[in-house]
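K.L.:
What shape does this take:
(one chain, ligands or ions: 1)
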Amino acid sequence: MKYLRITIITIMFTFLLLPHLLDFKAEASDRNDYLKIGLKFGSSSVASCTLQSEEGFLLGTAEDRGFAEGMPLPVYEKLVVTNENSAIVIRDENGVLLSSDLGSSGCIMPSDYTDEGILFYEETPYRGGIMLQAKADGTLTVINYVTVEHYVYGVLNSELHYSNPIEALKAQAVAARSFGEMNLNKHSAEGFDLCTSTHCQVYKGYSGEYPSTVRATDETRGELLYSNGIPVTAFYFKNSGGYTQNVEDVWTSRHAYLRSVRDDYCPTYPWSTSLSFDTISKKLETAGYGAGSIRSISIKSRNSTGAVSALQIVGSSSTITLQKEKIRTVLGATIVKSLMFQLGDSYTEDTADSTVWKISNGVTAVTPETNVYLISGDGRATKSQKTEVYGYNGTSTVKLGGTAISEIVTGGSVNFSGFGYGHGVGMPQDSAVEMAKQGFLYDEILKYYFTDVEIK
Ligand SMILES: [Zn+2]
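P.N.:
Numbering: from 1, shown residues only. Sure, this is the predicted structure:
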């Protein structure tokens, strides 16, 4: 009687749960595609490695972004993998041979990989499995074979801290997922899709997961950004300085969804840095531009948002014009933090040096933090950065920006001061956080910064 009751209850539960389970499975099968993440490669490739799983292992094959199960190894908790004459050899911890060659498409999964299984590579826990490539120099490239969703789990906190509002984290999850999906094969020459550094997206595996970032990933499960029905990369960066940029004003090709928008949610992010002409000369040389010793540096043009689009450097042997984002990549993207800059220091009191232009209220140089009203070309006074700005250098009023050559610095060093941080294309993370604080939802945030997109 007792067993019968349990059986009936079990059947009832099965029926109750069945539609839900079927739904979940249908959704899951669409979104369980795997990615190959390079953990150790190039100069960091290893001679051998140790893998651990409390529930044992399962050998199989990675194919079509899925996993085909092969030989189970349930009784082993620790495996040692080596490269022996270009074969990937697996032994147990006592040296007993388990596989004489796993092959380059082979994958070592934890037995419970379908049930949140965790595998330790050396001391670091990862979801998914480990693949290896035997290199000719006797070392191994180590790859984490992980589903896109679990990849986003391991990326999200590194790109936007877990303590941020959930809707900002969800917008970032869509961006991180779209970056992963749109950059398959970025490292194909090395045998995987994406690396774990800022070159791609910072990925820390299971150790990088937090409840809020897992929730943000789950609540946007499988969602990507679409433009004209095609999935696209959701570019992001830290702070816009007031306007985001048209993609062609930063890099090269135009894209309909990457248009400049006025950023009404941008927290102020002023920065200032000084570079000596010697340092600039060395940076140019490293980048392949021999300018000789620097004589002057000037802003040649700005785009419609006020961002610098051409910086001219006159040297003793040649004149170099750096354009768009090249300005930052050559001089240092963490030094010249954005293209929204001017030459000279706008944060100190006026000096006698008339080669350095300053923002002025018409009488003296002032700091932008105070209530500065800028007079635009048509005579209107506004409080924000405008494309046509007039400045005062202590002697006369001049036009800043536009196509006029207005900012030139001679002498031994130059000060860059500006607003914002990053390339300026797509979603500014600081503004996404601000919008979330003001109650906007993640899709509203994405649609504000990406023009005419769908999220699905
Ligand atoms: Zn990379």
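K.L.:
Three-state assignment for the most centrally placed residue in the chain, please.
P.N.:
Nearest to the mean C-alpha position of the chain, by CA atoms, centre = their mean, lies Q201 at 5.0 Å. Per DSSP: H, G, I helix; E, B strand; the rest coil, the secondary structure class of Q201 is coil.
K.L.:
Quick check: residues of the stretch 51-200 of the chain near the ion?
P.N.:
For the stretch 51-200 of the chain, the residues in contact with the ion (CB under 5 Å from the ion) are C195, H199, C200. Heads up, the C-betas are built off the backbone N, CA and C, glycines and all.
K.L.:
can you list those residues in TSV and add distance to P125?
P.N.:
Formatted as TSV, these follow (distance: CB to CB, whole Å):
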residue	distance to P125
C195	19
H199	23
C200	20
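K.L.:
Let me have those in CSV, adding neighbour count and pLDDT as columns.
P.N.:
Output for these, formatted as CSV (neighbours: other CB atoms under 10 Å; pLDDT from 0 to 100):
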residue, neighbour count, pLDDT
C195, 19, 98
H199, 10, 93
C200, 18, 95
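K.L.:
if we can go back for a sec, ok, for the residue nearest to the centre of the chain, nearest residue in space, not its chain neighbours?
P.N.:
V155 (4.9 Å; CB to CB, 6 or more residues apart in numbering).
K.L.:
ok, now how distant is the one you found from N415?
P.N.:
Counting by CB to CB, to the nearest Å, the separation of V155 from N415 is 36 Å.
K.L.:
Quick check on those two: which one has the bigger neighbour count.
P.N.:
Neighbours per residue, other CB atoms under 10 Å: of V155 and N415, the larger number sits with V155, 30 against 18.
K.L.:
so the more buried one, which of the three states?
P.N.:
helix.
K.L.:
S212 - how many residues pack around it?
P.N.:
18.
K.L.:
Surely it is within a strand?
P.N.:
No - counting by three-state DSSP, S212 falls outside a strand, being helix.
K.L.:
Where does pLDDT dip in the stretch 1-150 of the chain?
P.N.:
1-31 (pLDDT under 70).
K.L.:
And for the stretch 201-350 of the chain?
P.N.:
In the stretch 201-350 of the chain, residues with pLDDT under 70: 345-350.
K.L.:
And for M427, the neighbour number?
P.N.:
Neighbours of M427 (other CB under 10 Å): 25.
K.L.:
Please parse this structure into its domains.
P.N.:
35-145, 147-263+420-456, 270-419 (automatic domain parsing).
K.L.:
end to end, how far does the longest one reach?
P.N.:
Meaning domain 147-263+420-456. 18 Å (CA to CA, to the nearest Å).
K.L.:
what's the offset of that domain from the middle of its chain?
P.N.:
7 Å (CA atoms, centre = their mean, to the nearest Å).
K.L.:
before we move on, the earlier item: thought the residue nearest to Q201 was touching S197?
P.N.:
No - V155 sits out of contact with S197 when judged by CB atoms under 8 Å, with a separation of 11.5 Å.
K.L.:
give me the number of residues near the closest residue to the ion within the stretch 1-150 of the chain?
P.N.:
Nearest residue of the stretch 1-150 of the chain to the ion, counting by CB to the ion: G38, 7.5 Å away. G38 has 26 neighbouring residues, counting by other CB under 10 Å.
K.L.:
how about it, what does it touch?
P.N.:
T141, V142, I143, H187, E190, G191, F192, D193, L194, C195, T196 (CB atoms under 8 Å, 6 or more residues apart in numbering).
K.L.:
Show me the contact partners of stretch 287-302.
P.N.:
Contacts of stretch 287-302 (CB under 8 Å, 6+ apart): 277-278, 280-281, 284-285, 308-321, 329-330, 342-343, 387, 401-403, 405-410, 414.
K.L.:
ah, wrong one, I meant stretch 333-342
P.N.:
Contacts for stretch 333-342 (CB under 8 Å, 6+ apart): 239, 241-243, 245, 250, 271, 273, 275, 299, 305-309, 324-325, 327-328, 357, 359, 385, 400, 407, 416-424.
K.L.:
Can you pull the phi/psi pair for the nearest residue to G42 once chain neighbours are set aside?
P.N.:
Closest residue in space to G42, ignoring its immediate chain neighbours: E190 at 6.9 Å, by CB to CB, 6+ apart. Backbone torsions for E190, taken as degrees, to the nearest 10, come to phi -100, psi 0.
K.L.:
List the contacts of E190.
P.N.:
Counted by CB under 8 Å, 6+ apart, E190 has contacts G38, F41, G42, Q133, T141.
K.L.:
Out of those residues, grab the one that's most surrounded.
P.N.:
G38 leads the contacts of E190 on contacts (other CB under 10 Å) with 26 neighbours.
K.L.:
So that residue, which state does it fall into?
P.N.:
strand.
K.L.:
quick revisit: contacts only, for the residue nearest to the centre of the chain.
P.N.:
So Q201 contacts V155, S158, E159, A176, F179, G180, L194 (CB under 8 Å, 6+ apart).
K.L.:
phi, psi of it?
P.N.:
Dihedral angles (degrees, to the nearest 10) for Q201: phi -130, psi 150.
K.L.:
quick one: it from the ion, how far?
P.N.:
Per CB to the ion, to the nearest Å, Q201 is found 8 Å from the ion.
K.L.:
Likewise for I408?
P.N.:
For I408 relative to the ion (CB to the ion), the value is 38 Å.
K.L.:
what helix or strand does that residue sit in?
P.N.:
In this assignment (DSSP states H and E), I408 forms part of strand 407-410.
K.L.:
Next secondary structure after that strand?
P.N.:
Per DSSP H and E, the helix or strand that comes after strand 407-410 is strand 413-419.
K.L.:
what helices or strands is that next one leaning on?
P.N.:
On a contact count with 3 or more CB pairs under 8 Å, 6 or more residues apart in numbering; DSSP states H and E, strand 413-419 meets strand 270-276, helix 277-286, strand 341-343.
K.L.:
hmm, 7 Å instead?
P.N.:
Secondary structure elements in contact with strand 413-419, counted by 3 or more CB pairs under 7 Å, 6 or more residues apart in numbering; DSSP states H and E, are strand 270-276, strand 341-343.
K.L.:
Nice, that's everything, thank you.
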